[in-house]
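# below are the sequence and a predicted model for it; my questions follow.
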Amino acid sequence: QVQLVESGGGLVQAGGSLRLSCAASGRTLSRQSMGWFRQAPGKERAFVAAISRSGSSTYYADSVKGRFTISRDNAKNTVYLQMNSLKPEDTAVYYCAARQGAPSLYYDYDYWGQGTQVTVSS
């Protein structure tokens, strides 16, 4: 079992930055590929970014490429999502997720956090 807890969400003005953290407990995080997803009101949960177990490979949705950066610190069992140049359309609940296989752009993760709200005002 892996327990995931997100933090770092909040209210920010357009153009601002936030860094989300996802702290893992249970199984060693280094054995898990990690992903970030988001869900805006009335919309389906959508892929944002993913990172391989070693951190050597990263993947991004086109909508966040160049603005968001996913990273991980396996020694701290934590994954991060640095979000820059935020836009109102980035407003959503952000979830981190873990899976034992390769990073995935889909919902096929084994473990999910409870989510953290990010609100970007115009």
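Everything's here; your move. Numbers count the residues shown, from 1 in each chain.

# ok, now which ones touch the spatially most central residue of the chain?
Nearest to the mean C-alpha position of the chain, by C-alpha atoms, centre = their mean, lies W36 at 2.6 Å. For W36, the contacting residues are 20, 22, 48-50, 70, 79, 81, 94-97, by C-beta atoms under 8 Å, 6 or more residues apart in numbering. C-beta coordinates here come from the backbone N, C-alpha and C atoms, glycine included.

# among those, which lie within strands?
When those are checked against strands using DSSP state E, the ones located there are 20, 22, 48-50, 70, 79, 81, 94-97.

# what ranges do the helices span in the chain?
Counting by DSSP state H, the chain has no helices to list.

# so where do the strands sit in the chain?
If DSSP E is used as the criterion, the strands of the chain fall at 2-7, 10-13, 18-26, 33-39, 46-51, 58-60, 68-73, 78-83, 92-99, 111-112, 116-121.

# of all the ones you listed, which lies closest to L105?
Put simply, out of the strands of the chain the one that sits nearest L105 is strand 46-51, at 4.8 Å, with distance taken as C-beta to C-beta.

# which other helices and strands contact that closest one?
In terms of contact count using 3 or more C-beta pairs under 8 Å, 6 or more residues apart in numbering; DSSP states H and E, strand 46-51 is assigned the packing partners strand 33-39, strand 58-60, strand 68-73, strand 78-83.

# switch to 10 Å and redo it
Of the remaining helices and strands, those touching strand 46-51 by 3 or more C-beta pairs under 10 Å, 6 or more residues apart in numbering; DSSP states H and E are strand 33-39, strand 58-60, strand 68-73, strand 78-83, strand 92-99.

# how many other residues sit next to the residue nearest to V118 when sequence neighbours are not counted?
Leaving aside its sequence neighbours, V118 sits nearest to G9 (C-beta to C-beta, 6 or more residues apart in numbering; 4.7 Å). Per other C-beta atoms under 10 Å, the neighbour tally for G9 reads 18.
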